[in-house]
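would you be able to build a 3D model of this:
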Amino acid sequence: MQILKRAWNEIRNSLRDAAALMRGNFLVLTIGVSLWWVFGNLFLPYESLYMRALGAEDPVIGAYFAVNRLVGATVGIAGGYICDVHGRRKIVVVGNYATALLWFVVALAPNWQAYFAAKILLSIVAFWTVAETVLLMDSLPAGKRGLGYGVFNTMWNLASLASPAIGGWLFDTYNVLGMRLALLSISAVDVVKAVLYTRWLRETLEPQREKKSLVLSLEGALRLTARSFVEAYRTLKWLPLSLLAMCVLNGLFSFAWSLTGPFMSLYAVEDVMFLTEVQWGLIATIQIGISLFLRFPGGRLVDRYGKRRALLISLLADAPFFLGFIYSRSYLQVLMVFTFSTVVETLTETSWRALQIDLTPQEKRGKVSSLFSILGASSGFFGALLGGYLYHLNPALALPFWLHVYIAVFGVAIAFMFIREPEKPEK
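You can find the predicted model right below:
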């Protein structure tokens, strides 16, 4: 009884503190991102299956995710520099309008080749997402960042709770047409986000003066990208040990998840386990539901008991999760494995983001975010290429998933040895 009372008090205090955060940019960003995930999660859990339905083979799917990540990294590092120089708001607003148009083009792609090309264009435009992330960072006070990310993640998960199951039904019932409808809905919600941000989002950084040619001309854009890579190199040299260790971990786990992520739905639905699309969607929906009960107070737990400790616990769950996934052969078994993973890993994003902010001065957050983006995406490029090759050899051998297990164990050792919390968090 005492345990239940303590749990209720924890939830009540979390709700009270969360309500206090819901204002200004944090509220606007939470609403905008939550709206996007309502429709984004209709499609994203099935992207690999959709590409196969359009005629792509496993190595092509791996190559798509690889190129997509590499292009995103190239423009992402420039995006971080741009948002530190020119401010965040304008980039986010214009970027949402541009991606709305490109999602519409993606929805009409008749084959995997056209889909591939349209999504690469989308990745080029999506550099603005770095600015959106930095706006969210700037909107959270130092003592409430763990809670803030817990609230943020809870809200968009709650909004998209039923979306994977509905998307599975759309795919199972209407096949390619169902996914096209989902893609069109993503295009529409990006327009809604752009209008919302135009009206209510506020700038958090006074932009520096820059020559217009850096943005308006092709030569200026190339110069700006080159300058951004120089800034990334300087940022890498500046990183303290704990932030450098986080940078290495980001690269390792980006490689590992790119090995496996594009092929998990194929392994579960079409190649080995033979689940239905609806069952795969229900697992994702149940994952979201479980995380809703844990992420809301999870932010307070991260702030109270330490971000490093929470991060280590969540990283320790990665290897057992993939071992369980490899040997699962039924819907119930897969559901149990994902339930275990969700219970533990709800702490990962909250502790990771909060620790990154604590270790990074405000004026360097855009550059550090871009550095993490480019290193993670570069390693992800090789991971996805290798994953497509290994998976195509024989899906039943689960070679990409086994490699992920070994990488996860190595990653935990790095985190334990080198990551420490700062004595005084950055503002």
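
strands of the stretch 151-300 of the chain, residue ranges please.
Read by DSSP state E, counting those that start in this stretch, the stretch 151-300 of the chain holds no strands at all.

give the contact list for residue 59.
388, 389, 392 (Cβ atoms under 8 Å, 6 or more residues apart in numbering). Bear in mind the C-beta positions are built from the backbone N, C-alpha and C, glycine included.

most neighbours among those residues, which one is it?
Counting neighbours by other Cβ atoms under 10 Å, residue 388 leads the contacts of residue 59 with 24 neighbours.

hang on, isn't that one packed against residue 67?
No. Taking contacts as Cβ atoms under 8 Å, residue 388 lies outside contact range of residue 67: 11.3 Å.

the helices in the stretch 301-427 of the chain, which residues?
Using DSSP state H, counting those that start in this stretch, the helices of the stretch 301-427 of the chain run over 307-316, 318-327, 331-359, 365-393, 399-418.

dump those helices to TSV, plus distance to residue 281 and mean pLDDT.
TSV is the format used below for the helices of the stretch 301-427 of the chain (distance: least, Cβ to Cβ, whole Å; pLDDT from 0 to 100):
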stretch	distance to residue 281	mean pLDDT
helix 307-316	24	85
helix 318-327	17	95
helix 331-359	12	84
helix 365-393	22	87
helix 399-418	21	95
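
and of the ones you listed, who's closest to residue 239?
Among the helices of the stretch 301-427 of the chain, helix 365-393 comes nearest to residue 239, with 7.7 Å by Cβ to Cβ.

just to revisit the earlier point, just name the most buried of the helices of the stretch 301-427 of the chain.
Highest mean neighbour count of the helices of the stretch 301-427 of the chain: helix 365-393, a mean of 23 (counted as mean count of other Cβ atoms under 10 Å).

what packs against that helix?
helix 58-86, helix 128-138, helix 218-238, helix 241-265, helix 331-359, helix 399-418 (3 or more Cβ pairs under 8 Å, 6 or more residues apart in numbering; DSSP states H and E).

of those, which is nearest residue 25?
Nearest to residue 25, of all the helices and strands packed on helix 365-393, is helix 128-138, at 5.9 Å by Cβ to Cβ.

so for the closest one, what's the average pLDDT?
For helix 128-138, mean pLDDT rounds to 82.

which residues touch it?
25-26, 29, 33, 76, 79-80, 82-84, 88-89, 91-92, 94-96, 98-99, 152, 201, 204-205, 353, 357, 362, 365-366, 369-370, 373.

in PyMOL, how would I select the buried members of those residues?
To isolate the buried ones among the contacts of helix 128-138 in PyMOL, judged by 16 or more other Cβ atoms under 10 Å, type:
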select buried, resi 25+26+29+33+76+79+80+82+83+84+88+89+91+92+95+96+98+99+152+201+204+205+353+357+365+366+369+370+373
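
quick revisit: need the helices of the stretch 301-427 of the chain in JSON lines with distance to residue 197, can you?
Shown next, in JSON lines, are those (distance: least, Cβ to Cβ, whole Å):
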{"stretch": "helix 307-316", "distance to residue 197": "29"}
{"stretch": "helix 318-327", "distance to residue 197": "34"}
{"stretch": "helix 331-359", "distance to residue 197": "21"}
{"stretch": "helix 365-393", "distance to residue 197": "18"}
{"stretch": "helix 399-418", "distance to residue 197": "35"}
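
nearest to residue 13, out of the ones you listed?
helix 331-359 (16.4 Å).

related to what we said a few turns ago, residue 280 is nearest to which of the helices of the stretch 301-427 of the chain?
Comparing the helices of the stretch 301-427 of the chain by Cβ to Cβ, helix 331-359 comes nearest, at 8.5 Å.

distance of residue 344 from residue 190?
Here the distance between residue 344 and residue 190 works out to 33 Å (Cβ to Cβ, to the nearest Å).

repeat for residue 169
For residue 169 relative to residue 190 (Cβ to Cβ), the value is 23 Å.

ditto for residue 234
Taking Cβ to Cβ, one finds residue 234 at 34 Å from residue 190.

neighbour-wise, which of these two wins?
Neighbours were counted for residue 234 and for residue 190 using other Cβ under 10 Å; residue 190 has more, 25 against 11.

lowest-pLDDT helix or strand in this protein?
When the helices and strands of the chain are scored by mean pLDDT, DSSP states H and E, helix 213-216 comes last with a mean of 46.

can you get me a residue count around residue 421?
As a burial measure, residue 421 scores 15 neighbours (other Cβ under 10 Å).

and for residue 423?
For residue 423, using other Cβ under 10 Å, the count is 5.

export the helices and strands packed on helix 365-393 to TSV and tack on distance to residue 41?
What follows is the helices and strands packed on helix 365-393, written out as TSV (distance: least, Cβ to Cβ, whole Å):
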stretch	distance to residue 41
helix 58-86	18
helix 128-138	17
helix 218-238	31
helix 241-265	13
helix 331-359	15
helix 399-418	23
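
looking at those helices, which is nearest to residue 15?
helix 331-359 (16.4 Å).

got the angle between the closest one and helix 365-393?
Relative orientation of helix 331-359 versus helix 365-393 (axes from the mean of the first three to the mean of the last three Cα atoms, to 10 degrees): 150 degrees.
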